[in-house]
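A.B. asks: Quick one: sequence plus predicted model below, questions after.
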Amino acid sequence: MDDDRLSALQRWVARVRLLRVGAVRQGLARPADSPQAFVAGRSSLRVLLAGSGPVVGWGVGSHDLALPGAVARAIAATTGRGVVVDVIADPSAGVRRLARRLRSAEVGRYDVVILSAAVADAVRMVEPARWGARVEALIREVRANGVPVVAWLGAHPIRSLPPFDEEFRAFLQEQAERLNRAAARACGEAGATFVPLPASPQAEGGRHRSPADYLFWARRIADTLAPALIGHEIEEEHRASEPGDRVAAIERLRLAEHKRDGRLTGLVGTAQRTLGAEIAMFTVLDDSTEWPLAAVGASLTEIPIEQSACLHTIQAPDGMVVPDAEQDERFASSALVTGPAHLRFYAGYPVEAPDGTRIGAMCVFGRTPRRPSESEGDLDVLRELALLAQRELWRWDPAAQ
């Protein structure tokens, strides 16, 4: 076995076992909530976590408790920045299937892409040399989209699920180690970071995986990526959404059918109370109008997009605050400022559709100007509420059903 070649019989036996693994996993918990986790903060890093193995979250019921939430918390603690982690989890994804999934994911909008497919392909008993070449090609393809940091997760130690007796588990572990060596070489050639995942020191406690296991791995990931995330500043560039993209995203989510949604209204009410504002809204912008999907303190009416403060918000890198609209040349002549509403204060933070298109904003309005020194605190509140609103939008995404 030192030459990394496998017999046809060995591969056949492994694939029969793989079918039995699928049956066992039917009874395991895995996250069923929106495929995103975050830690709210300034200058947020965008992270994509994609593939199989630990990405799937076997053993826990939410992405916050699984690897995405743990990675968000670990990277935020390491960098001092906000972190938003999107998830593409596919329990059976090997490297070829993962490559197909990523081609429709617009990976260029992420600062960090973390990939995992080693365990699934180890069980399939793929040939390490050819597999390593596919890993290298995939990494190069991701980097060609402008992703600054790409990481590959090594296969973690194989645990003994019922279909894996001790002898077969040892056999699989040898294959996983071969693939890890091939992946490390591929990362070196393609300019990615290889992250080995050791066995978690946590007691198993009868569970397949626990939040403690994912936190242990997340810390390893954050520590390994720290030089790339801290030593080399990632460019903070925002891709402004185009009107046609907003219209397509709004139609895909069928937002016009979801006005007066209770959960979104609750988030908007929290914004109003926390920031002491007269009006709070979750606004949506298409190609010609702005309209509130949820509002507190104002009627649900639409305005021409030319009068929209939120249009400026979705073009800003990290939200926008207008302490006194009468003193801001962009808004001083607006009917919302000069007319009966006489609005003076505005703060807003962009809200994205699941595909990353900025479609609107979580925002508040007031009739009294505020000190500029309050701006950062206002944005901190709106940032977290906007991210929670984004999570709600996943419920209406046909691709997530």
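C.D. replies: Nice, thanks for sending it over.
A.B. asks: Show me where this protein dips below the pLDDT cut-off.
C.D. replies: Applying pLDDT under 70 to the chain flags residues 1-27, 159-168, 202-208, 231-240, 300, 400-401.
A.B. asks: how's it carved up into domains?
C.D. replies: The chain breaks down into these domains under automatic domain parsing: 8-231, 244-400.
A.B. asks: Just put those domains in CSV and tack on mean neighbour count.
C.D. replies: All C-beta atoms are positioned from the backbone trio N, CA, C, and that covers glycine. Below are those laid out as CSV (neighbours: other CB atoms under 10 Å):
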stretch, mean neighbour count
domain 8-231, 19
domain 244-400, 19
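A.B. asks: And the next helix or strand past whatever helix or strand residue 189 lives in?
C.D. replies: Per DSSP states H and E, residue 189 falls inside helix 166-190. Following helix 166-190 in sequence order, the next helix or strand is strand 193-195 (DSSP H and E).
A.B. asks: what are the ranges of the strands in the protein?
C.D. replies: With DSSP state E as the criterion, the chain has strands at 36-39, 45-51, 83-89, 112-116, 149-153, 193-195, 279-285, 289-296, 303-304, 320-322, 345-352, 358-366.
A.B. asks: what's the closest of those strands to residue 186?
C.D. replies: Closest approach to residue 186 among these is made by strand 149-153 (7.4 Å; CB to CB).
A.B. asks: what are the pairing partners of the closest one, and which direction each?
C.D. replies: strand 112-116 (parallel), strand 193-195 (parallel) (DSSP bridges).
A.B. asks: mind listing what residue 183 touches?
C.D. replies: When contacts are counted by CB atoms under 8 Å, 6 or more residues apart in numbering, residue 183 touches 118, 132, 135, 152, 154, 194.
A.B. asks: related to what we said a few turns ago, quick one: which of the strands paired with strand 149-153 is nearest residue 360?
C.D. replies: strand 112-116 (25.7 Å).
A.B. asks: Look up how far residue 273 lies from the nearest residue to residue 68 once chain neighbours are set aside.
C.D. replies: Nearest residue to residue 68, sequence neighbours excluded (CB to CB, 6 or more residues apart in numbering): residue 37, at 3.9 Å. Per CB to CB, to the nearest Å, residue 37 is found 25 Å from residue 273.
A.B. asks: Mind listing the residues bridging to the residue nearest the centre of the chain?
C.D. replies: Among the residues of the chain, the one closest to the centroid is residue 86, at 1.6 Å (CA atoms, centre = their mean). Taking DSSP bridges as the rule, residue 86 bridges to residue 36, residue 48.
A.B. asks: Settle this for me: it is touching residue 48, isn't it.
C.D. replies: Yes - taking contacts as CB atoms under 8 Å, residue 86 lies within contact range of residue 48: 5.2 Å.
A.B. asks: and for the two, which residues touch both?
C.D. replies: residue 110.
A.B. asks: where do the helices sit along the stretch 101-250 of the chain?
C.D. replies: 118-123, 128-144, 166-190, 211-226, 243-253 (DSSP state H, counting those that start in this stretch).
A.B. asks: no, scratch that, I was asking about the stretch 251-400 of the chain
C.D. replies: So, for the stretch 251-400 of the chain - with DSSP H, counting those that start in this stretch - the helices run 262-275, 310-313, 335-338, 375-393.
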